[in-house]
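*Asks:* Attaching a predicted model along with its sequence, questions to come.
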Amino acid sequence: MNEIDNSLIGFVNWHRFGDWRASGEWGAPREEAIYPALLMARTPDYASRAQAVGRVLRGRKILNVCGELNAHSHHEVRVSRRFNQTIFGAAYYASALLHLMRGGADIEMLWTGTDHAGPYGAMDRDARPTPVFHAKRLCTQYIRYGDWLSFPTWERPSLAVDVVVARGEEGRRSALLVHLKDEVATYGAAELDGALVDCRRLLKIDGGTGNQVVEMSCDGTVTFDGYGVAVVTNAAPRTDEADHGIES
């Protein structure tokens, strides 16, 4: 890049996946519980990769773009669909998004996936959304461009949850929570940020909701049934939410 006029380069495009191996092949874990845990443990790598690319681009006015992202890159549906187009895939994707924010990436792109047997995309060939679509939509609706972001940590160590809190115009506050384990767990929003105490809307997709986002009132806690993605917010409902698989 040092030999090229920086004004001719608009962006640097990099890809990252959790893994590429089928279970039990090329040293990959055979145990059903271990492989998903290994993949989920790698989502912080998106932050470190974004930071590394950002250091190379510093001062050059070149965008830092994660142009392809999925939990698993294997081309066969039997291997990778269960990691990409499921509730697990939604949690992996949302966690990766959160870490890309932390790492300072400018843009992230997700494969739409309208082919018949594609194991990667956010929709099928009939434009029916996968859980990953819903996770992305929750993030883009409530963690908005121009928001002030913070990444709080829990006082209780070693909890299996990633969190980003967004503050926007007119006192709008939202928190995106990603549960990283296939087990039931409950978290208190006020433990993250006292300003979330008045966030009475809860939107969630997890093992209990199936392939849809369910909205309910928030009593100050969020309970996940396995892997999941949730938003607690004080923002008013958007008029288009009922048309995109959000039930109340």
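*Replies:* That came through fine. Treat the numbers as computed from the prediction; the structure is a model and nothing was measured.

*Asks:* Every contact and neighbour count from this point should use C-alpha atoms.
*Replies:* Noted.

*Asks:* Excluding chain neighbours, give the residue nearest to Val161 in space.
*Replies:* Once flanking residues are discounted, Val161 sits nearest to His179: 4.6 Å by C-alpha to C-alpha, 6 or more residues apart in numbering.

*Asks:* could you say what helices and strands whichever strand or helix holds Val163 packs with?
*Replies:* Using DSSP states H and E, Val163 sits within strand 161-167. Secondary-structure packing of strand 161-167 (3 or more C-alpha pairs under 8 Å, 6 or more residues apart in numbering; DSSP states H and E): helix 87-103, strand 148-150, strand 173-179.

*Asks:* Let me have these in a markdown table, adding mean neighbour count and mean pLDDT as columns.
*Replies:* What follows is the helices and strands packed on strand 161-167, written out as a markdown table (neighbours: other C-alpha atoms under 10 Å; pLDDT from 0 to 100):
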| stretch | mean neighbour count | mean pLDDT |
| --- | --- | --- |
| helix 87-103 | 26 | 97 |
| strand 148-150 | 15 | 94 |
| strand 173-179 | 27 | 95 |
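
*Asks:* Among the ones you listed, which comes closest to Gly188?
*Replies:* strand 173-179 (10.9 Å; C-alpha to C-alpha).

*Asks:* in its sheet, what does that closest one sit against?
*Replies:* strand 161-167 (antiparallel), strand 228-233 (antiparallel) (DSSP bridges).

*Asks:* Give the closest residue to the most centrally placed residue in the chain in space, chain neighbours not counted.
*Replies:* Among the residues of the chain, the one closest to the centroid is Ala94, at 0.8 Å (C-alpha atoms, centre = their mean). Excluding the flanking residues, the one nearest Ala94 by C-alpha to C-alpha, 6+ apart is Ala135, at 6.1 Å.

*Asks:* if we look at the helix or strand hosting that neighbour, which residues are touching it?
*Replies:* Here Ala135 sits within helix 131-142, counting by DSSP H and E. Applying C-alpha atoms under 8 Å, 6 or more residues apart in numbering, the contact partners of helix 131-142 are 84-87, 89-91, 93-94, 122-123, 166, 174-176, 205, 211-213, 229-231, 233.
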